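J.: have a look; sequence and predicted model below, questions after that.
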Amino acid sequence: MSQRTLVLLKPDAVARGLVGEIIGRIERKAGWAVTALELRTLDRVTLETHYAEHVGRPFYEPLLDFMASGPSVVMVVEGERVIEGLRVLAGPTDPIVASPGSIRGDYGTIVRENLIHASDSEESAERELKIFFP
Ligand code: RTP
Ligand code: MG
(Lines give C-alpha, C1' and ligand atoms only; values in the text may rest on other atoms or scores of the structure.)
(Ligands and ions follow the chains in the order given, each with its own letter.)
Protein backbone atom coordinates (compact mmCIF):
# COMPACT_ATOMS: atom_id res chain seq x y z
CA MET A 1 0.00 0.00 0.00
CA SER A 2 1.88 3.08 -1.22
CA GLN A 3 1.29 6.20 0.88
CA ARG A 4 2.53 9.77 1.18
CA THR A 5 3.54 11.40 4.43
CA LEU A 6 4.69 14.84 5.56
CA VAL A 7 8.09 14.92 7.24
CA LEU A 8 9.72 17.91 8.91
CA LEU A 9 13.37 17.91 9.95
CA LYS A 10 13.04 20.39 12.80
CA PRO A 11 15.35 23.38 13.39
CA ASP A 12 17.57 21.39 15.77
CA ALA A 13 18.27 18.78 13.09
CA VAL A 14 19.24 21.48 10.57
CA ALA A 15 21.34 23.46 13.10
CA ARG A 16 23.20 20.32 14.20
CA GLY A 17 24.01 19.21 10.66
CA LEU A 18 21.97 16.01 10.83
CA VAL A 19 19.94 16.52 7.66
CA GLY A 20 22.07 14.28 5.45
CA GLU A 21 22.19 11.55 8.07
CA ILE A 22 18.43 11.54 8.59
CA ILE A 23 17.51 11.75 4.90
CA GLY A 24 20.00 8.95 4.22
CA ARG A 25 18.15 6.65 6.58
CA ILE A 26 14.85 7.44 4.87
CA GLU A 27 16.29 7.00 1.36
CA ARG A 28 17.85 3.64 2.18
CA LYS A 29 14.50 2.08 3.08
CA ALA A 30 13.56 -0.12 0.11
CA GLY A 31 11.01 1.51 -2.14
CA TRP A 32 10.71 4.78 -0.25
CA ALA A 33 11.43 8.04 -2.04
CA VAL A 34 11.65 11.71 -1.15
CA THR A 35 9.38 13.35 -3.74
CA ALA A 36 9.46 16.97 -2.52
CA LEU A 37 12.01 18.77 -0.36
CA GLU A 38 12.54 22.37 0.68
CA LEU A 39 14.54 24.29 3.30
CA ARG A 40 11.98 26.64 4.83
CA THR A 41 11.69 28.80 7.94
CA LEU A 42 8.18 28.05 9.14
CA ASP A 43 5.89 30.99 9.85
CA ARG A 44 3.57 31.34 12.81
CA VAL A 45 0.32 30.80 10.85
CA THR A 46 1.60 27.58 9.29
CA LEU A 47 2.73 26.31 12.69
CA GLU A 48 -0.55 27.23 14.40
CA THR A 49 -2.45 25.29 11.74
CA HIS A 50 -0.10 22.32 11.89
CA TYR A 51 -0.09 22.09 15.70
CA ALA A 52 -3.77 23.09 16.27
CA GLU A 53 -4.38 19.91 18.29
CA HIS A 54 -1.95 21.15 20.95
CA VAL A 55 -3.40 24.65 21.55
CA GLY A 56 -3.55 25.38 25.28
CA ARG A 57 -1.05 22.71 26.31
CA PRO A 58 1.86 24.03 28.40
CA PHE A 59 4.38 23.08 25.71
CA TYR A 60 2.47 24.77 22.87
CA GLU A 61 4.03 28.27 22.90
CA PRO A 62 7.61 27.09 23.45
CA LEU A 63 7.05 24.51 20.71
CA LEU A 64 5.98 27.18 18.22
CA ASP A 65 8.89 29.43 19.20
CA PHE A 66 11.31 26.54 18.71
CA MET A 67 9.81 25.51 15.38
CA ALA A 68 10.13 29.10 14.08
CA SER A 69 13.66 29.57 15.46
CA GLY A 70 15.45 28.56 12.24
CA PRO A 71 15.00 26.72 8.99
CA SER A 72 13.42 23.28 8.82
CA VAL A 73 13.52 20.78 5.99
CA VAL A 74 9.99 20.17 4.70
CA MET A 75 9.60 16.90 2.79
CA VAL A 76 7.10 14.57 1.19
CA VAL A 77 8.08 10.91 1.43
CA GLU A 78 6.29 8.24 -0.56
CA GLY A 79 6.31 4.47 -0.38
CA GLU A 80 5.04 1.26 1.13
CA ARG A 81 3.39 1.87 4.54
CA VAL A 82 5.51 4.99 4.87
CA ILE A 83 3.22 6.70 7.42
CA GLU A 84 3.64 3.97 10.04
CA GLY A 85 7.20 3.34 8.94
CA LEU A 86 8.40 6.88 9.50
CA ARG A 87 6.85 7.01 12.97
CA VAL A 88 8.84 3.85 13.81
CA LEU A 89 12.02 5.26 12.26
CA ALA A 90 11.56 8.50 14.26
CA GLY A 91 10.85 6.74 17.56
CA PRO A 92 8.66 7.95 20.45
CA THR A 93 8.23 11.66 21.20
CA ASP A 94 10.62 11.58 24.20
CA PRO A 95 14.11 10.85 22.85
CA ILE A 96 15.28 9.45 26.19
CA VAL A 97 12.85 6.53 25.94
CA ALA A 98 13.28 6.15 22.16
CA SER A 99 15.28 3.05 21.30
CA PRO A 100 18.79 3.35 19.90
CA GLY A 101 18.48 2.80 16.17
CA SER A 102 15.62 5.28 15.90
CA ILE A 103 16.37 8.86 14.87
CA ARG A 104 15.20 10.36 18.16
CA GLY A 105 16.84 7.55 20.14
CA ASP A 106 20.19 8.04 18.44
CA TYR A 107 20.41 11.83 18.39
CA GLY A 108 17.99 13.40 20.89
CA THR A 109 17.72 14.09 24.60
CA ILE A 110 15.19 16.96 24.90
CA VAL A 111 11.48 16.28 24.29
CA ARG A 112 10.89 19.52 22.40
CA GLU A 113 14.03 19.27 20.30
CA ASN A 114 13.30 15.81 18.96
CA LEU A 115 14.61 16.34 15.45
CA ILE A 116 11.77 15.11 13.26
CA HIS A 117 8.05 15.25 12.68
CA ALA A 118 6.16 12.62 10.68
CA SER A 119 2.40 12.47 10.15
CA ASP A 120 0.78 10.07 12.63
CA SER A 121 -2.11 8.70 10.50
CA GLU A 122 -3.56 8.74 6.97
CA GLU A 123 -5.90 11.56 8.04
CA SER A 124 -3.04 13.61 9.50
CA ALA A 125 -0.91 13.04 6.40
CA GLU A 126 -3.67 14.27 4.11
CA ARG A 127 -4.28 17.34 6.31
CA GLU A 128 -0.60 18.20 6.78
CA LEU A 129 0.42 17.72 3.14
CA LYS A 130 -2.18 20.37 2.22
CA ILE A 131 -0.78 22.78 4.83
CA PHE A 132 2.85 22.52 3.70
CA PHE A 133 2.31 21.91 -0.03
CA PRO A 134 -0.98 23.68 -0.88
P1 RTP B 1 5.33 15.43 16.03
O2 RTP B 1 3.87 15.82 16.04
O3 RTP B 1 6.28 16.63 16.01
O4 RTP B 1 5.64 14.45 14.95
O5 RTP B 1 5.69 14.67 17.37
P6 RTP B 1 4.82 13.59 18.15
O7 RTP B 1 3.57 13.27 17.39
O8 RTP B 1 5.73 12.50 18.52
O9 RTP B 1 4.47 14.40 19.48
P10 RTP B 1 3.22 15.33 19.82
O11 RTP B 1 2.58 14.82 21.04
O12 RTP B 1 2.37 15.55 18.60
O13 RTP B 1 3.93 16.70 20.19
C14 RTP B 1 4.36 17.57 19.19
C15 RTP B 1 5.73 18.08 19.51
O16 RTP B 1 5.67 18.94 20.64
C17 RTP B 1 6.87 18.85 21.38
N18 RTP B 1 6.52 18.45 22.73
N19 RTP B 1 7.06 18.99 23.78
N20 RTP B 1 6.26 18.04 27.18
C21 RTP B 1 6.88 18.70 26.22
O22 RTP B 1 7.71 19.56 26.44
C23 RTP B 1 6.53 18.37 24.84
N24 RTP B 1 5.64 17.48 24.45
C25 RTP B 1 5.65 17.51 23.11
C26 RTP B 1 7.77 17.84 20.68
O27 RTP B 1 8.59 18.56 19.75
C28 RTP B 1 6.74 17.01 19.92
O29 RTP B 1 7.33 16.34 18.84
MG1 MG C 1 2.23 14.76 16.69
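T.: Looks like it arrived, so ask away. Numbering: from 1, shown residues only. Ligands and ions are numbered 1, 2, ... in the order given.
J.: contacts and neighbour counts: CA atoms only from here.
T.: Noted.
J.: what helix or strand is the most centrally placed residue in the chain on?
T.: When Cα atoms, centre = their mean is applied to the chain, the residue found nearest the centroid is residue 117 (1.8 Å). Using DSSP states H and E, residue 117 sits within strand 116-118.
J.: let me see the mean pLDDT of the helix or strand following that strand.
T.: Sequence order places helix 122-132 as the next helix or strand after strand 116-118, per DSSP H and E. Mean pLDDT, computed over helix 122-132, is 98.
J.: got the contact list for helix 122-132?
T.: Applying Cα atoms under 8 Å, 6 or more residues apart in numbering, the external contacts of helix 122-132 come out as 4-6, 46, 49-50, 74, 76, 83, 119.
J.: would you mark the buried spots in that helix?
T.: Of the residues in helix 122-132, 124-125, 127-129, 132 count as buried by neighbour count, 16 or more other Cα atoms under 10 Å.
J.: ligand 1 contacts on this protein?
T.: Residues of the chain lying close to ligand 1 by Cα under 6 Å from any ligand atom are 59, 63, 92-93, 111-114, 117-118.
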